[in-house]
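Asks: my questions are about this predicted structure, shown below with the sequence.
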Amino acid sequence: MKQLKVALIGNPNVGKTSVFNALTGLNQHVGNYPGVTVERKTGTTILNKDTKASIIDLPGVYSVNPNSKDEEIALKAIFDTSNKDFPDVVVVVAEVENLKRNLLLFTQVKDLGFPTILALNMADQMEKKGISIDVPALEKALDTKIVLISARKKEGIDDLKQAVLNYSNYNTNSVFDLKLIDENYFSLLGNLYPNENPYKVWLTQTGIFQFEKLSPLVSSSATVQKSASELKKLQQRETIKRYQFINDILKDTYKIDTSKATDIRMKFDRILTHKFWGYIIFFFVLLLIYGSIFELAAFPMDFVDGLFADLSTWTSANLPEGKLTELLADGIIPGLGGVLMFVPQIAILFFLISILEETGYMSRVVFLMDRIMKPFGLSGKSVVPLVSGTACAIPAIMSARNIENPKERLITMLVTPFTTCSARIPVYIIIISLIIPKTYILGFIPLQAFVMTMMYVLGFLAALLSGLVLSKIIKADRKSFFVIEMPTYKVPILKNVFLNMYEKVVSYVVGAGKIILALSVILWFLGSHGPIDTFGNAEEMVAEKHINERLTEERYNSEVAGYQLEHSYIGIIGRTIEPVFRPLGYDWKISIAVLTSFAAREVFVGNLATLYNLGGDDAEDETKIIDRMANEKRADGTPVYTFATGISLLLFYAFAMQCLSTVGVTKKETNSWKWTFVQLIFMTAVAYVAALIAYQLLK
């Protein structure tokens, strides 16, 4: 079967991802470009019985002049003919409501000599918006194929596939005359490179891209050499001239009847971005999200927790006795259960966040946050890393590359891990469920959801205050300005929402699953073995200790299991580090779980599940992890998980470094071990002191 390579490109917020999903469905793959951590999203679609298309979804860009290293890497991948992603045809996705701005990118791509298709998305909104387009006239003026589509309703997708299939019929000539920028200069370039694409020659001169080797007809002349400032002026003039060209075309082909266009968007924006009500609305949106997590996920969470407890019991009772059965029943199954029990919460969280992103509300949130940043010495461009850090700190830190000022970029990278990432959610949920009663504030606000929301607020405030301190130490010469586009409000496409939720859940399960699997084996081994003189003589030691007592068989088995765990290798390690964590209210088991969760925060509960199972006396002892935590006692008979201990744990996880991978990406992005260790030591110190003060005051 013949395979075409198709590049999908467009401005941010034009529905490009919706078009990609409509074309590819679940036939998608997300990876990275070679040697870098820039996301590379590809998919396949069947065009007809003889042809399929491999589609690469490029990052949203406003022009072929990249504003960040990420954009540059992604664009280079398709502009280099030796690259495996070099396309046979390029589909430029534009939005009917913002066609003028979108056509800048289209004319640039077309001028590079690609067979180019213009896909006008949201065509179903044209009548409502009072928009009319003379498609045949516009096709003629742009010398291209235009397809009207609605990715949300899947209208025009088959027409787009057919247009891709006919790509060889499209003219690849330039649509814009570069001589309009500077006739003398571009005439000289044309004479020097008569057999090359004029726009490729120009982009090579600017140093933005180095295409395949361009062959001049004669030796390079000094008359075509320009200084950096001169080239910058020519680039600016290019943008102006292209927009003049676009205006002339749209004058007769694109009409907007303002009497039909509604101002609903402006009314919504006035409310959602209000300097007071905007924040109140956002706070209640967060309450709604976390209230939904606690209310809707309670039953499936208990079900999964109980399912793994039963599976562990069944494994112990039905498989042959031996080390492998013990590993499965007391190590791997409880560990995986401690991770998978939170899948319902993760799914609900990203389902609701995806809806907010699809509607366009998250762009308004970014705008709101920009107002808060400035008094704390952070750039407006720091908003994106801090907001995206609520999903994961790793891509959030990498997104700071877009901040031009190096000092502002450094500050942003150093404070971003304070924001609450999704990996902390399992810890927050289990602790809040244990120590916060299921009651309501004012009769309608769930207290547990309120506390969860405040954990996010606390992390954000920590990032702001840290930014304020760092801005006094690392002074930036100038502030970066921040510009964000407010996309139109849209009804969410459930397919896109579920696809995004599916990707995030799979990432959580695979990422945390691999780590907990390894840690479960290690913890089980260390908890099932110990020095022969203590661990190996557990029965004799317990019998000698209770020589004057008559223990029931159940009590005796429980004492032996507890003695073995305490004197196992993991018990020895735990009791060694316990003095460090005891002032925070943690026993040695919590200390081990906290320490090992540095690999990945979400495995804290899974590690505890493994440790508690190792301390069980028989197969019937396998209970739900949340019940086991609630019933866990200290040596003096007092509960382990008191209110003071719970608050201490919440504060420790709120301020501590997120995970080992975050340390790695900070080192990579800052290229400095000094700042990496400053960040790690500072966050650890803040976490320890906050947890210490909370426990000592509340105990």
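Replies: Great, that's in hand.
Asks: alpha carbons only for contacts and neighbour counts from here, please
Replies: OK.
Asks: strands of the chain, residue ranges please.
Replies: 2-10, 28-32, 39-48, 51-57, 89-95, 116-121, 131-133, 145-148, 254-256, 440-441, 445-446 (DSSP state E).
Asks: need those strands in JSON lines (columns: distance to F643).
Replies: Listed next are the strands of the chain as JSON lines, based on distance: least, CA to CA, whole Å:
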{"stretch": "strand 2-10", "distance to F643": "52"}
{"stretch": "strand 28-32", "distance to F643": "43"}
{"stretch": "strand 39-48", "distance to F643": "42"}
{"stretch": "strand 51-57", "distance to F643": "49"}
{"stretch": "strand 89-95", "distance to F643": "53"}
{"stretch": "strand 116-121", "distance to F643": "54"}
{"stretch": "strand 131-133", "distance to F643": "60"}
{"stretch": "strand 145-148", "distance to F643": "59"}
{"stretch": "strand 254-256", "distance to F643": "61"}
{"stretch": "strand 440-441", "distance to F643": "18"}
{"stretch": "strand 445-446", "distance to F643": "18"}
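Asks: which of those has the lowest mean pLDDT?
Replies: Sorting the strands of the chain by mean pLDDT places strand 28-32 lowest, at a mean of 54.
Asks: thinking again about what came up before, out of the strands of the chain, which gets nearest to L368?
Replies: For L368, the closest of the strands of the chain is strand 445-446, at 23.5 Å, according to CA to CA.
Asks: that older thread, take the strands of the chain and write them to TSV, including mean neighbour count.
Replies: Shown next, in TSV, are the strands of the chain (neighbours: other CA atoms under 10 Å):
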stretch	mean neighbour count
strand 2-10	21
strand 28-32	12
strand 39-48	18
strand 51-57	21
strand 89-95	26
strand 116-121	26
strand 131-133	16
strand 145-148	22
strand 254-256	15
strand 440-441	12
strand 445-446	18
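Asks: the ones you listed: which one's closest to P417?
Replies: strand 39-48 (20.4 Å).
Asks: quick revisit: quick one: closest of the strands of the chain to E295.
Replies: Ranking those by proximity to E295 (CA to CA) places strand 445-446 first, at 9.1 Å.
Asks: show me what the closest one is packed against.
Replies: Packed against strand 445-446 by the contact rule (3 or more CA pairs under 8 Å, 6 or more residues apart in numbering; DSSP states H and E) you find no helix or strand.
Asks: neighbouring strands for it, and are they parallel or not?
Replies: strand 440-441 (antiparallel) (DSSP bridges).
Asks: can you list the neighbours in contact with the partner strand?
Replies: In this structure, residues lying in contact with strand 440-441 by CA atoms under 8 Å, 6 or more residues apart in numbering are P446, L447.
Asks: make 23 the starting number, not 1.
Replies: Renumbered: residue one is now 23, and that last one reads strand 462-463.
Asks: chain center to it: distance?
Replies: The chain centre lies 32 Å from the centre of strand 462-463; the measure is CA atoms, centre = their mean, to the nearest Å.
Asks: same check on stretch 35-43?
Replies: With CA atoms, centre = their mean, you get 18 Å for stretch 35-43.
Asks: helices and strands of the chain: which one bottoms out on pLDDT?
Replies: strand 50-54 (a mean of 54; mean pLDDT, DSSP states H and E).
Asks: neighbours of I452, how many?
Replies: Neighbour count for I452, taken as other CA atoms under 10 Å: 16.
Asks: tell me who's in contact with the closest residue to D324 other than its chain neighbours.
Replies: Nearest residue to D324, sequence neighbours excluded (CA to CA, 6 or more residues apart in numbering): M363, at 7.5 Å. Applying CA under 8 Å, 6+ apart to M363 gives the contacts P322, M323, D324, V326, D327.
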